[in-house]
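Undergrad: just coords:
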């Protein structure tokens, strides 16, 4: 029996409840399906952030951590204390099994992002079929001035001007400074690329 594939469904999701249900169903096969498509963005985000954080021993929040592939990438990039949060309880089981997180918890869509972190990542979290642009506001609100936020937008998000428009609304008004931006490999198996960004909250 051929294992069900989910990657072709994820960009059509229209609600947080639909997103949670799909990722719960996908959790057991997520790592394998993503790996076979060459998922490169977690390492790109982690490595970019590591170049712009002075203290990699300080706690970092992996927001929308999924099964923990992004946490593994952060660990490999030198981050030592990693916490993770995600919408899907079943995806969090996969993250726990990776053994790289200090603590993990489930969040509701639109919930307040906990403050106290000097760096937060959102790898593949904000975009079409995922979290809305307003999630950028929630994460930036949780950061202290000088904090770093690293994230990615894939080609689907880049095709909708509202997503990068949210970023520009911060940099154009001086609320954030863009430290890094690079367009590159995301999921080569389906010919998808992504922008990786690192912002400093001013």
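TA: Cool, the structure landed. Because the structure is predicted, anything quoted here is derived from the model rather than measured. Residues are numbered from 1 along each chain as shown.
Undergrad: contacts only, for residue 176.
TA: Listed by C-beta atoms under 8 Å, 6 or more residues apart in numbering, the contact set of residue 176 reads 140, 149, 167, 170, 199, 200, 201, 202. Placement of C-beta: from N, CA and C, glycine included.
Undergrad: in strands only, show me those residues.
TA: In strands, judged by DSSP state E, the following of the contacts of residue 176 are found: 149, 199, 200, 201.
Undergrad: sec struct for the closest residue to residue 101 other than its chain neighbours, please.
TA: Using C-beta to C-beta, 6 or more residues apart in numbering and skipping the chain neighbours, the partner closest in space to residue 101 is residue 84 (4.8 Å). Under DSSP: H, G, I helix; E, B strand; the rest coil, the three-state class of residue 84 is strand.
Undergrad: this protein: helices as residue ranges?
TA: For the chain, the helices defined by DSSP state H occupy 16-26, 30-36, 41-50, 69-76, 89-98, 134-142, 155-158, 161-171.
Undergrad: can you list the buried residues in the last one?
TA: Read it as helix 161-171. Buried residues in helix 161-171, counted by 16 or more other C-beta atoms under 10 Å: 163, 166, 167, 170.
Undergrad: and which of the contacts of residue 176 is nearest residue 156?
TA: residue 167 (15.8 Å; C-beta to C-beta).
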